[in-house]
Every structure is written in C-alpha cells, then in structure tokens.
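In: sequence first, predicted coordinates after that:
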Amino acid sequence: MRGLTRRIVLSALAGAILCGCLALLGVMGAATGFVSGMLADPHETLGAEAIADCASNPEWEARVGFHDYWAYTVEGISTHPGAPPLQPGWIPAEVGEVHQLYGLLSRPWERSAVHRLADDGPCAVIFASSPGKLDALPTLRIGAVFGLLLGMVAVLLGTMSLAVRPLLARLRHLDDAASLVGQSDYRPVGDATGDELGRVARTVDASHERIVAHEAELRNRHALLEKHLAAVAHDLRTPLASLQLSLEDLGGRVPADLEIELGEVRLEVGSLEALADNLLQASRLQGGLDVQGSGAEVELGAVLSRLATRFGILGRARNITVNLAIPDEPVSVRCEPSLAERALANLVHNTCVHGRADHPVGLSLDLRGGRFELAVQSAGKVMSPADLEVLAARRLTVPDPSRTRADGGLGIRIANEVAERAGWQVRYIAVEDGGLRVEISGRVQWSGGGEDRPL
C-alpha cells in the first residue's frame, strides 16, 4: 500500500467490517447465552406453582419472557391442542435430564429444550422453546453494544499498529533528518515509498544535496574572493606606503601654511590603507574564520606601542598626540595577531579622524587578576545613549555597503566582531565633557603554554 489515502481508507474499511462482525457476534453470543440460560432449569424459570398447576390443567401452557412451555407425557403426548409435536428421540430417558435442541428454528440464537421431570403423568416432560421476536430486543441491544465496543477497541489497536505507528516512525525519522539538513552528520532518509511522506523525504534528501553543493560553491567563491582581496590589499600597500613616505619627506619642505593640508592628505592615505586591510579582514571573518582556532597569541602591549607610534605621526595633522600607558610585563591573549591589531587600529584611527583636534588620544593597558583592561579614549562630540547602543550593536552580519571609509562603519564592525569571537567584552562609554571611551577586557593567556594564567 503506497498511498497514505489508500492506507487510511483500507484501514477504515477493515475497521468497519471488523466492527460489524464483532457486533453480530456480540448479538448472537448474548442472545444464545441468555436463551440457553433460561432453558437450563424450568423450576427456576417457571417456579414450583406453575409446574404444580400443570397437573390440574389438561391444556397447560406457560410463557416466561420470550420462552414458551408445554407439558407432555413420557410418550410425548400433550393435551394442549397447540403444543408442537415431540420426536421420540427428543425425550430424555432419565428424570432430571435435559436435551438442548439446536437448529429447529430459523434464527441462530433460538433454542429449544426438553426436560424430564417425572416418570409418568401429564407433566412428566416439559418442552421449552424461544420463538419470540420482540421480547429478545433488550438482550440483543446489549450484545450489539458490547460487540461494537469490542470492535472499536480492535479498530483502534489495528489502526495504531498498521497505520498510525508506522507513519509516526517515518515522521520522526524525517524530522531527525530535516534537523540536520546541510550538516556534515546528515544521513539520507532513504524512504522509497511512493506516498506523500516518501516524496517529502526525497525532497529533503535533494535539498540537503543542493545545500551542500551550494555551500561548496560559496566556499570556493569566498576563497577566490579572499585571494583577490589579499592581492588587492598587497598591491595597494606598496604604493600607499611609498606615498606616505613621500608625504613625510615633504613635511619639512612645504610652506608652513600647507602643513595642515599635507597632514590631512596623510590621514586620507592612512584611511585608504586601513580600508584595504579592513576589506581583507572582513572577508576572512565573514568566511567563518575562528580567531582563536589556531591557538596563536598576540602581545597587546607591543600592538599598542606600534599603534601609538603610527597614529602619533598621523595625528600631527590635527595636532593630536597619542599618550600610551602599558604595564612592564607582557600581556598575551589568544587571538589571530593580524586581526587583533586590525581591530585595535580601527578604534585608534576612528579617534584620530573623528576626535576633537588639539586634544590627546589616550591608550592604556592594565593587568588585573588574570584579566586585561584596555582603553582607547579621545575628546569629541557628546555621545547620547542611543549613539552608544548603535556603536555596540554593529557587526559584520549586517554589512553597510554605503560606508566606504574605515571609520565608525566597517572599522567598528570589525573591532566588535573580533572582540566577540575572541571572548572579549567591549563597552562604549560617553566622556562627560564630550568624547568617547572604548573599554575592552578579557582573559590573559599564560605565555608559557597557552593556558589561562592562574588567578
């Protein structure tokens, strides 16, 4: 049976037939049992007075329920003109014996019985039969209801075992497979039946194959894109670095009134450098790179020292100095070095570009109880709580194609993404007199073997 509809229809048809058969058997069983019980002993059914009245009444006849009774001599002779004749072989040989007779009447539940009560007299033999029709209806109804109840139970059990349980097992198997679609541990459903569930199962298997093929294609495309961005970034670094050196060389030879414009140009070139590197790192992160998967470590003090030197030079255009405070001992954390430096560089670059001119930028790093606390602070406009929430919520999962600079767009997104994947906490805090303070904290790695530093 391949179709769910066919299986359900056949189950219902079989259940209806079974219910009908059991109801009929119930009716027959109840009727025959009741009739046989009533015919078993005339003393209990008729009573002593009725049997005693038989001797004084030559045309004695009795009816109890839907049973008729007639009296006969031991030779089978009755004085009642309407008494049915008895065959000689029906009369029991001994007193107290009874012969149950079947098949004398047309209905299977109808029975007759011949009782031997005495050795002589007009009431020596009692013949009882059940030709009644309407009187048996209550008993028949009880038997029918009982048979129907048995039929319903049988249909329920049969439907559960033949239709419902197999369908539930297939649905559970299909649900387990559907929850793993596209994953490496997916196992094909393999349901070859031709019904609706079988078609759904084959659709799930085909969907998994399409997803796997699509993911493989996306991985290949991403690998090609990452290689292309790496090549572009590499090709841009050389001319941009040469341009920065040329601009630095011009710094001492241009007129004083052009120093500010020259510094702005150097900031723009720095933004181009950051943009090229941010595009490469964003591609790596969006490709699912685990920033801690390689087990590499980076020393935050060294990174901040390099950033303070680099942006101290770039900040001269806006008369911005970079103040640095780091501990004497190394502070190592588990993170891919290029990503950690890119994330921190974005924060510092953002302060130099958007911070208030003629005000210093502060970089600090503290080590407290096995955790580091890093802060980047600059003066600037007053930040509202809504502005801070926007900065903290930025991630690469919601890219903003309208941003083309490595500022609070892509740069902040990369910084937040790297910190989250490295297990660091980032807080954006508004400075009271205007400006922004970014605090990053996390666990420090023990430089001896990559284990967490003991607290």
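Out: Looks like it arrived, so ask away.
In: tell me which helix or strand of the protein sits lowest on mean pLDDT?
Out: Ranked by mean pLDDT, DSSP states H and E, the weakest helix or strand in the chain is helix 4-39, scoring a mean of 63.
In: which secondary structure elements does the helix or strand that it is followed by contact?
Out: Using DSSP states H and E, the helix or strand that follows helix 4-39 towards the C-terminus is helix 42-46. The contact analysis (3 or more CB pairs under 8 Å, 6 or more residues apart in numbering; DSSP states H and E) places helix 42-46 against strand 61-64, strand 67-72, strand 125-129. Where you see a C-beta, it was placed from the backbone N, CA and C, and this is true even at glycine.
In: tell me, what residue is most central in this structure?
Out: Ser179 (7.0 Å; CA atoms, centre = their mean).
In: and that residue, what does it touch?
Out: Contact criterion CB atoms under 8 Å, 6 or more residues apart in numbering gives no residues in contact with Ser179.
In: Leu247 touches Gly270, doesn't it?
Out: No - the pair Leu247 / Gly270 is not scored as a contact, 10.0 Å apart, by CB atoms under 8 Å.
In: report how many residues lie close to Thr203.
Out: 11 (other CB atoms under 10 Å).
In: now the strands for the stretch 151-300 of the chain?
Out: 297-299 (DSSP state E, counting those that start in this stretch).
In: can you pull out the low-pLDDT segments for it?
Out: 151, 155-156, 159-160, 162-163, 234, 237-238, 241, 244-245, 248-260, 262 (pLDDT under 70).
In: where do the helices sit along it?
Out: Counting by DSSP state H, counting those that start in this stretch, one finds helices in the stretch 151-300 of the chain at the ranges 165-178, 196-250, 259-286, 300-314.
In: now these as JSON lines including distance to Trp424?
Out: What follows is the helices of the stretch 151-300 of the chain, written out as JSON lines (distance: least, CB to CB, whole Å):
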{"stretch": "helix 165-178", "distance to Trp424": "36"}
{"stretch": "helix 196-250", "distance to Trp424": "24"}
{"stretch": "helix 259-286", "distance to Trp424": "15"}
{"stretch": "helix 300-314", "distance to Trp424": "11"}
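In: so Thr321 versus Asp191, what's the distance?
Out: Separation of Thr321 from Asp191 (CB to CB, to the nearest Å) stands at 71 Å.
In: so for these two, which sits in the more crowded spot?
Out: Per other CB under 10 Å, whichever of Thr321 and Asp191 has more neighbours is Asp191, with 19 against 14.
In: surely that one touches Leu197?
Out: Yes - counting by CB under 8 Å, Asp191 does reach Leu197; the two are 6.6 Å apart.
In: okay, and the common contacts of these two?
Out: 170, 174.
In: Leu247 and Gly270: which is more packed in?
Out: Set Leu247 next to Gly270 and count neighbours by other CB under 10 Å: Gly270 wins out with 24 against 17.
In: so what's that one closest to, chain neighbours aside?
Out: Sequence neighbours aside, Leu314 is the residue nearest to Gly270 in space, at 5.0 Å (criterion: CB to CB, 6 or more residues apart in numbering).
In: same question, Gln292
Out: Here the nearest residue to Gln292 in space, its sequence neighbours aside, is Arg334; by CB to CB, 6+ apart that works out to 5.0 Å.
In: list the contacts of that neighbour.
Out: By CB under 8 Å, 6+ apart, Arg334 lies in contact with 292, 295-297, 422, 445, 450.
In: I'd like to know how many residues surround the residue lying closest to Leu410 once chain neighbours are set aside.
Out: Nearest residue to Leu410, sequence neighbours excluded (CB to CB, 6+ apart): Asn278, at 5.1 Å. The number of residues packed near Asn278 is 25, by other CB under 10 Å.
In: surely Asn278 is in contact with Arg342?
Out: Yes - the criterion here is CB under 8 Å, and Asn278 meets it with Arg342 at 6.9 Å.
In: which residues are in contact with each of these two?
Out: Residues touching both Asn278 and Arg342 (CB under 8 Å, 6+ apart): Ile414.
In: out of the contacts of Arg334, who's the most crowded?
Out: In terms of neighbours by other CB under 10 Å, those top out with Gln445 at 23 neighbours.
In: and the pLDDT for that residue?
Out: Note on Gln445: pLDDT of 80.
In: now do Glu336
Out: Glu336 is assigned a pLDDT of 90 by the prediction.
In: I'd say it and Gly295 touch.
Out: No - counting by CB under 8 Å, Glu336 stays clear of Gly295, with 9.8 Å between them.
In: circling back to that earlier point, how far away is the residue nearest to Leu410 from Ala14?
Out: Relative to Ala14, Asn278 is positioned 70 Å away (CB to CB).
In: now do Val204
Out: According to CB to CB, Val204 and Ala14 sit 31 Å apart.
In: the two: which is more packed in?
Out: Set Val204 next to Ala14 and count neighbours by other CB under 10 Å: Val204 wins out with 20 against 15.
In: now, among the contacts of Arg334, which is nearest to Val232?
Out: Within the contacts of Arg334, proximity to Val232 (CB to CB) peaks at Ala296, which comes in at 24.4 Å.
In: chain neighbours aside, what residue packs nearest to that closest one?
Out: The nearest residue in space to Ala296 (CB to CB, 6+ apart) is Glu336, at 5.6 Å.
In: phi, psi for that neighbour please.
Out: When quoted as degrees, to the nearest 10, the phi and psi of Glu336 stand at phi -60, psi 120.
In: show me the contacts for it.
Out: By CB under 8 Å, 6+ apart, the residues touching Glu336 are 289, 291-292, 294, 296, 298.
In: can you do 10 Å?
Out: Contact partners of Glu336, counting by CB atoms under 10 Å, 6 or more residues apart in numbering, are 281, 284-285, 289-298, 342, 418, 421-422.
In: buried subset of those residues, written for ChimeraX?
Out: To isolate the buried subset of these in ChimeraX, counting by 16 or more other CB atoms under 10 Å, use the following:
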select :281,284,285,289,291,297,298,342,418,421,422
